[in-house]
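J.: whatever this is, show me its structure:
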Amino acid sequence: MELTVNNSTTAATLVTVFGELQNGRYVAKVMPETDVPYTPYFENELDQVIVYISPDEEQLQAILQALNERRLPFGDLQNYGAAGGGTSVIPV
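T.: You can find the predicted model right below:
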């Protein structure tokens with residue numbers, strides 16, 4: 001299945017911060033680009049990526065489910081999303 005997600009727009013640049021946790025799970029938070037911390041955002045985080053997408057809650061849960069079920073590689077996340085509008089198709 002593929003999921004079409006809106007990319008961030010320049011008027012309100014939102015990003016999704018994805019984190020890989022020490023327990024093997026994945027978490028995410030949508031936030032304004034200006035709020036992204038320079039340090040790890042999630043507790044017990046191994047790795048973190050920032051993707052210029054603005055998913056709604058249902059889309060975010062589908063992406064997290066695909067990550068947690070290992071159907072979507074964490075390393076592929078930054079292949080999706082762009083600032084300036086448009087959409088990204090994410091295989092979930």
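J.: other residues contacting stretch 11-21?
T.: For stretch 11-21, contacts defined as C-beta atoms under 8 Å, 6 or more residues apart in numbering pick out 8, 26-34, 36, 40-42, 44-55, 60, 67, 74, 77, 81, 83. C-betas here are computed from N, CA, C, even on glycine.
J.: need the per-residue pLDDT for the residue nearest to the spatial centre of the chain.
T.: The centroid of the chain falls nearest to Thr16 when counting by C-alpha atoms, centre = their mean (4.0 Å). Listed pLDDT for Thr16 reads 95.
J.: for Ser54, see how far away it is.
T.: From Thr16 across to Ser54, the span is 7 Å (C-beta to C-beta, to the nearest Å).
J.: common neighbours of the two, please.
T.: Val30.
J.: quick one: secondary structure of the residue of the chain most remote from its centre?
T.: Most distant from the centre of the chain: Ala11, at 19.2 Å, with distances by C-alpha atoms, centre = their mean. Assigned with DSSP: H, G, I helix; E, B strand; the rest coil, Ala11 falls in the coil class.
J.: what stretches of the chain score poorly on pLDDT?
T.: Filtered on pLDDT under 70, the chain yields the residue ranges 9-10.
J.: now the strands: where do they sit in this structure?
T.: With DSSP state E as the criterion, the chain has strands at 2-6, 14-21, 26-32, 45-51, 87-91.
J.: strand partners of the first one, parallel vs antiparallel please.
T.: As defined by DSSP bridges, the strand partners of strand 2-6 come to strand 87-91 (antiparallel).
J.: what comes up buried for the partner strand?
T.: 88, 90 (16 or more other C-beta atoms under 10 Å).
J.: any idea how far Asn37 is from Thr13?
T.: Wrong residue type there; residue 37 is Pro, not Asn. Taking C-beta to C-beta, one finds Pro37 at 16 Å from Thr13.
J.: okay, the two: which has more neighbours?
T.: Of the pair Pro37 and Thr13, Thr13 is the one with more neighbours under other C-beta atoms under 10 Å, namely 15 against 9.
J.: tell me the contacts of Gln78?
T.: Shown in contact with Gln78 (C-beta under 8 Å, 6+ apart): 49-51.
J.: same deal with Ile63?
T.: Per C-beta under 8 Å, 6+ apart, neighbours of Ile63: 3, 5, 28, 55, 72, 90, 92.
J.: good, we can wrap up now.
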